[in-house]
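Visitor: sequence first, then the predicted structure:
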Amino acid sequence: MKIATYNVNGVNGRLPVLLRWLAESQPDVVCLQELKAPEEKFPEQAILDAGYNAIWHGQKSWNGVAILARNAELQEVRRALPGDEEDLHSRYIEAIVNGILVACLYLPNGNPAPGPKLDYKMKWFERLTIHAAELMEFGVPVVMAGDYNVMPTEIDVYKPERWVDDALFRPEVRAAFKTLVDQGWTDALRKLHPNEVIYTFWDYFRNAFGRNAGLRIDHFLLSPHLDKRLLAAGVDRHVRGWEKSSDHAPTWIELADE
DNA sequence: ATGTCCTCTCTTAGAGGA
């Protein structure tokens, strides 16, 4: 089973690219982030026509997450991260697909930092960490996939020294990611490619893709059940080079059948 | 500060976010 995560940066503006990639890559499950569309503007029919069932949590202008499944039912579990009723950002959705609990998340960016946006990011991280511990205790296979807006280590940034004050790379943000992973999660791409430079995002500015000035911020965290089933992982880097591409590239894992 | 791209509006230019 192939599971992918893709920050599309506008699901409607990106629809031709998304459909082209779905047809080419044929993932079984897809987590999308940054729909940038309200609930009623999600392109459900086009996704259905491409062969995918979908659930989504939209929001006008910003955020928005969705889970797609090919030839499978999606059983929605929740569409918000627990812990703050006042948080109205659409950044989290969770479903059971093919016996796996799939959590699709879009962690806050946090810039400019320091400031209220970084505070919100850190609080969101704490809520995610609390919820992740509960998911781990359920004993079902879990994958938490999405745009974490964190480069976990120096190898995940083209120029680490330039990013130390940025909300995606500040020490406390990296520490929060490590605290989460240390619950027993597997960073799937890093496990299979321990020393390789892997990026999932290249800024639109200054020809970042052409210069390979990238960041690794889209991640798969696997529960121990799924760690044992992990066969392959990678980034569909070429998609970033397509006309009208997102600033992120689709990232994927392949799991063995049980 | 800037670069680019997306979405929305007090809309065809500018603001906010990333």
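Guide: In hand now; what should we look at?

Visitor: ok, the closest residue to residue A:177 other than its chain neighbours to DNA strand B distance?
Guide: Spatial nearest neighbour of residue A:177, chain neighbours left out: residue A:150 (4.7 Å); criterion: CB to CB, 6 or more residues apart in numbering. For glycine as for every other residue, the C-beta is placed from the backbone atoms N, C-alpha and C. Distance of residue A:150 to DNA strand B, computed by CB to the nearest atom of the strand, to the nearest Å: 13 Å.

Visitor: where does residue A:150 land on pLDDT?
Guide: For residue A:150, the model assigns a pLDDT of 97.

Visitor: and what of residue A:96?
Guide: 98.

Visitor: same check, this time on the one 3 residues further on
Guide: pLDDT recorded at residue A:99 is 96.

Visitor: just to check, it is in contact with residue A:142?
Guide: No. Taking contacts as CB atoms under 8 Å, residue A:99 lies outside contact range of residue A:142: 11.1 Å.

Visitor: which of those two has more neighbours?
Guide: residue A:142 (21 against 11; other CB atoms under 10 Å).

Visitor: next, count neighbours for the residue nearest to the more buried one when sequence neighbours are not counted.
Guide: Leaving aside its chain neighbours, residue A:142 sits nearest to residue A:223 (4.1 Å; criterion: CB to CB, 6+ apart). As a burial measure, residue A:223 scores 23 neighbours (other CB under 10 Å).

Visitor: is it true that residue A:223 touches residue A:134?
Guide: No. Residue A:223 lies out of contact with residue A:134 (CB under 8 Å); the separation is 11.8 Å.

Visitor: hang on, the earlier thing: how about the residue nearest to residue A:177, secondary structure?
Guide: Three-state assignment for residue A:150 (DSSP: H, G, I helix; E, B strand; the rest coil): coil.

Visitor: which ones are touching it?
Guide: Applying CB atoms under 8 Å, 6 or more residues apart in numbering to residue A:150 gives the contacts A:107, A:168-169, A:173-174, A:176-177, A:217, A:219.

Visitor: helices - which of the residues you listed land there?
Guide: Judged by DSSP state H, helices contain the following of the contacts of residue A:150: A:173-174, A:176-177.

Visitor: if you count neighbours, what's buried in stretch A:133-142?
Guide: The neighbour-count check on stretch A:133-142 (16 or more other CB atoms under 10 Å) flags A:135, A:141-142 as buried.

Visitor: want to try a markdown table for the residues you listed, with secondary structure as columns?
Guide: As requested, those are arranged in a markdown table below (three-state DSSP):
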| residue | secondary structure |
| --- | --- |
| A:135 | helix |
| A:141 | coil |
| A:142 | strand |
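
Visitor: from the ones in helices among the contacts of residue A:150, which are also near DNA strand B?
Guide: When CB under 7 Å from any atom of the strand is applied, no member of the ones in helices among the contacts of residue A:150 is adjacent to DNA strand B.

Visitor: out of these, who's nearest DNA strand B?
Guide: Set against DNA strand B, the nearest of the ones in helices among the contacts of residue A:150 by CB to the nearest atom of the strand is residue A:173 (14.3 Å).

Visitor: for the stretch 51-200 of chain A, which residue gets nearest to DNA strand B?
Guide: Using CB to the nearest atom of the strand, residue A:61 is the residue of the stretch 51-200 of chain A that sits closest to DNA strand B, at 3.8 Å.
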